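Engineer: I'd like to go over a predicted model; first the sequence, then the structure.
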Amino acid sequence: MSDKRTFFSTRLGVLAATVGSAVGLGNIWRFPYEAGTHGGGAFLLCYIFFVFLIGVPVICSEFAMGRRSRTGIPGAFQHLNKGRSGWNWIGWIGIAGAVMIISFYSVVAGWTLEYTIDSAVGMFSDHVQHNRHAEFLAFTQGWKPSLWVVVFMGINGLVLLGGVQKGIERVSNILMPLLFLILLAFCINSLLLPGAGEGLRFLFNPDFSQLTPTVILGAMGQAFFSLSLGMGCMITYASYFKDDTPLMKTSIQIATLDTLVAILSGVIIFPAVFSFGMSPAEGPTLVFEVLPNIFQQMSGGRIWSTLFFLLLAVASLTSLISVSEIAIAFFVDHLKMKRHMATLTLTLVGTILGVLCALSFGPLKNLDLFNAFDYISSNILLPLGGMSTSIFAGWVMKRSTLYAELQGKGKLPRAAGEAIVISLRWIAPACVLAVFIAGLMI
Ligand code: PFF
């Protein structure tokens with residue numbers, strides 16, 4: 001444990017940083033295409049169910065573990081297991097997952113920078129007929145995405161070099177309100193489009209015949225990914241919380257704001273998709289291939305598209321910072337590195353792996369690290385890490401320690417504490433296991 005550990009200085013800073021971690025590509029890029037391909041409303045309902053039934057208790061447990069142990073992973077597991085290292089493997093899953101997420105996430109984050117610039121120079125507001133699919137393919141197969149990975153990882157590294165207070169907290173305090181403002185402006189614009197109602201119906205009218213194991217697995221994976229759970233991210237951030245940060249309240253605020261942003265992203269994207277007669281089931285390229293066509297037909301499309309991709313870039317940055325902090329805390333707390341050396345190491349390794357992922361669309365197509373890392377981390381490591389963490393917090397960690405942390409300086413209603421323990425001990429592991437097995441069988 002580092003004796004010079006710094007802390008988030010204000011409650012607002014805690015909220016901005018944790019919501020900044022949760023709100024990211026997962027909400028604005030992944031959620032709409034997952035919902036779009038999995039029947040809209042049915043997916044949304046499942047997603048909300050998982051966020052509150054499993055997500056909130058698991059955030060609470062990660063917070064309690066991080067603040068009590070005052071160290072990142074895997075140290076937190078050892079500290080709370082009376083110094084024994086038997087459960088440290090969950091931490092190793094987290095580190096492996098974090099490295100994989102950094103690698104593919106930096107690629108998509110890089111795409112958002114290219115698209116922000118393309119928008120600003122008017123490429124999505126001209127009067128030329130485009131083949132967006134071919135343009136997107138040509139872009140992703142070329143060398144530019146690798147360059148953007150280097151740029152994005154560089155910005156990420158600079159913020160992290162500033163440390164918890166002067167880097168992460170300060171940047172989140174500025175970028176998160178900006179993100180909410182852009183999001184609201186966008187929502188109003190989308191709702192005013194002709195035929196917006198059809199898009200809203202798609203998102204909010206659940207068709208239960210769509211509820212298959214694939215949809216349910218997708219919604220659960222999405223909930224873990226979106227809330228940054230299952231890889232020690234919230235453990236790491238909570239190790240920088242002050243003693244008076246209310247853990248339960250903060251968990252509920254994060255889950256609510258994160259879900260709100262996912263819904264708002266749907267409210268932005270689906271009315272536009274339906275209004276311009278496009279298909280919501282385009283898959284991962286929905287945002288990059290469908291939206292530019294829509295911007296082209298919109299009045300003020302140049303400004304709206306620039307704002308939209310900027311929004312995506314900002315959201316990606318605050319999330320990438322948080323995944324990176326998992327590894328940096330590990331280097332500092334476990335390997336006793338200096339923070340600047342840890343940041344440099346992470347930036348270097350992340351950039352190399354990120355470039356290899358970026359090249360998965362071109363020269364390294366056969367290796368396809370991008371999809372491999374995305375699949376392994378989101379569908380295997382996150383649920384596995386989340387399940388093991390909740391088993392650890394529910395069964396191994398002392399109940400009095402969990403309650404003491406959750407209670408903090410306030411009062412923990414008995415029923416709330418018990419509900420969390422029941423979810424951690426039984427509901428979360430059982431749900432993850434059931435959905436996981438069902439998913440492997442299809
Ligand atoms: N929650 C982020 C998003 O929705 O984009 C992604 C993420 C961040 C996943 C941090 C995992 C993590 F540890």
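Structural biologist: All right, it came through fine.
Engineer: Leu229 contacts Cys60, correct?
Structural biologist: No. Contact criterion CB atoms under 8 Å: Leu229 and Cys60 do not qualify, at 10.8 Å. Any C-beta I mention is one placed from the backbone N, CA and C, and that applies to glycine too.
Engineer: need the residues that contact stretch 269-288.
Structural biologist: 28-30, 32-33, 35-37, 40, 111, 115, 132-133, 136, 190-191, 193-200, 202-203, 289-291, 293-294, 297-298, 312 (CB atoms under 8 Å, 6 or more residues apart in numbering).
Engineer: taking these, please make a PyMOL selection of just the buried ones.
Structural biologist: Of the contacts of stretch 269-288, the buried ones go into a single PyMOL selection, burial set by 16 or more other CB atoms under 10 Å:
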select buried, resi 28+29+30+32+33+35+36+37+40+111+115+132+136+190+193+196+199+200+202+203+289+290+291+293+294+298+312
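Engineer: which ones among the contacts of stretch 269-288 are found in helices?
Structural biologist: Counted as lying in helices by DSSP state H, out of the contacts of stretch 269-288, are 32-33, 35-37, 111, 115, 132-133, 136, 190-191, 196-200, 202-203, 291, 293-294, 297, 312.
Engineer: name the SS class of the closest residue to Met387 other than its chain neighbours, please.
Structural biologist: Nearest residue to Met387, sequence neighbours excluded (CB to CB, 6 or more residues apart in numbering): Val432, at 4.1 Å. Classification of Val432 using DSSP: H, G, I helix; E, B strand; the rest coil returns helix.
Engineer: what is the burial count for Val432?
Structural biologist: 27 (other CB atoms under 10 Å).
Engineer: list the contacts of it.
Structural biologist: By CB under 8 Å, 6+ apart, the contact list for Val432 reads 54, 220, 383-384, 386-387, 390.
Engineer: Gly86: neighbour count?
Structural biologist: 10.
Engineer: now swap in Gly277 and tell me
Structural biologist: 9.
Engineer: and it, backbone torsions?
Structural biologist: phi 60, psi 30 (degrees, to the nearest 10).
Engineer: please apply the same query to Met123.
Structural biologist: Dihedral angles (degrees, to the nearest 10) for Met123: phi -70, psi -20.
Engineer: contact partners for it?
Structural biologist: For Met123, the contact set (CB under 8 Å, 6+ apart) comprises Pro292.
Engineer: please redo it, this time with the cut-off set to 10 Å
Structural biologist: Residues in contact with Met123 (CB atoms under 10 Å, 6 or more residues apart in numbering) are 115, 117, 130, 135, 292, 295-296, 302, 305.
Engineer: just the pLDDT for it.
Structural biologist: Model confidence at Met123, expressed as pLDDT, equals 88.
Engineer: and the strands in the stretch 151-300 of the chain?
Structural biologist: For the stretch 151-300 of the chain, applying DSSP state E, counting those that start in this stretch gives no strands.
Engineer: interface residues of it facing the ligand?
Structural biologist: Listed as neighbours of the ligand in the stretch 151-300 of the chain under the rule CB under 6 Å from any ligand atom: 225-226, 228, 231, 233.
Engineer: who wins for neighbours among those?
Structural biologist: For these, the largest number of neighbours (other CB under 10 Å) sits with Met231, at 32 neighbours.
Engineer: so how far is Ala96 from that one?
Structural biologist: According to CB to CB, to the nearest Å, Met231 and Ala96 sit 9 Å apart.
Engineer: need the residues touching each of the two.
Structural biologist: Residues touching both Met231 and Ala96 (CB under 10 Å, 6+ apart): 377, 381, 385.
Engineer: from the residues you listed, which single one is nearest Met441?
Structural biologist: Distance to Met441, by CB to CB, is smallest for Leu381 among those, at 19.4 Å.
Engineer: my read: the closest one touches Leu229, true?
Structural biologist: No. Counting by CB atoms under 10 Å, Leu381 sits too far from Leu229 to count as a contact (11.4 Å).
Engineer: compare those two (neighbour count), which wins?
Structural biologist: Shown here are Leu381 and Leu229; by other CB under 10 Å, Leu229 has more neighbours (27 against 22).
Engineer: isn't the more buried one right next to Ala393, touching?
Structural biologist: No. Contact between Leu229 and Ala393 fails when scored by CB under 10 Å: they sit 11.8 Å apart.
Engineer: show me the residue at the heart of this protein, geometrically.
Structural biologist: For the chain, the residue nearest the mean C-alpha position is Ser226 (4.1 Å; CA atoms, centre = their mean).
Engineer: quick one: contacts for that one?
Structural biologist: If you count contacts by CB under 10 Å, 6+ apart, Ser226 has them with 22-27, 30-31, 34, 47, 50-51, 55, 255, 258-259, 261-262, 319.
Engineer: and what of Gly218?
Structural biologist: Here Gly218 is in contact with 30, 34-35, 37-38, 43, 46-47, 212, 378-379, 435, 439 (CB under 10 Å, 6+ apart).
Engineer: centre of the chain to stretch 179-190, how far?
Structural biologist: With CA atoms, centre = their mean, to the nearest Å as the basis, stretch 179-190 stands 20 Å off its chain's centre.
Engineer: which residues sit against that stretch?
Structural biologist: By CB under 10 Å, 6+ apart, the residues outside stretch 179-190 that reach it are 16, 19-20, 23-24, 27-28, 172, 196, 199-200, 257, 260-261, 263-273, 275, 294, 298-300, 303-304, 307-308, 310-312, 314-315, 318.
Engineer: give the full set of residues in contact with Ser390.
Structural biologist: 54, 57-58, 61-62, 229-230, 420, 423-429, 431-432.
Engineer: wait, Glu114 touches Ser146, no?
Structural biologist: No. Between Glu114 and Ser146 there is no contact under CB under 10 Å: 11.4 Å.
Engineer: leaving out sequence neighbours, find the closest residue to Ile391.
Structural biologist: Using CB to CB, 6+ apart, the closest residue to Ile391 is Pro429 (5.4 Å).
Engineer: list the buried residues for the strand or helix carrying the one you found?
Structural biologist: When elements are defined using DSSP states H and E, Pro429 is found to belong to helix 428-441. Along helix 428-441, these residues count as buried under the neighbour rule (16+ other CB under 10 Å): 428-429, 431-432, 435-436, 439.
Engineer: residues contacting the closest residue to Phe202 other than its chain neighbours?
Structural biologist: Setting aside the residues directly before and after it, Phe202 is nearest to Gly40 in space (CB to CB, 6+ apart), at 4.3 Å. Applying CB under 10 Å, 6+ apart to Gly40 gives the contacts 32, 199-207, 210, 266, 270, 280-281.
Engineer: Ala98 contacts Ile235, doesn't it?
Structural biologist: No. Contact criterion CB under 10 Å: Ala98 and Ile235 do not qualify, at 11.4 Å.
Engineer: what do these two both touch?
Structural biologist: 73, 326.
Engineer: give me the number of residues near Leu184?
Structural biologist: Neighbour count for Leu184, taken as other CB under 10 Å: 12.
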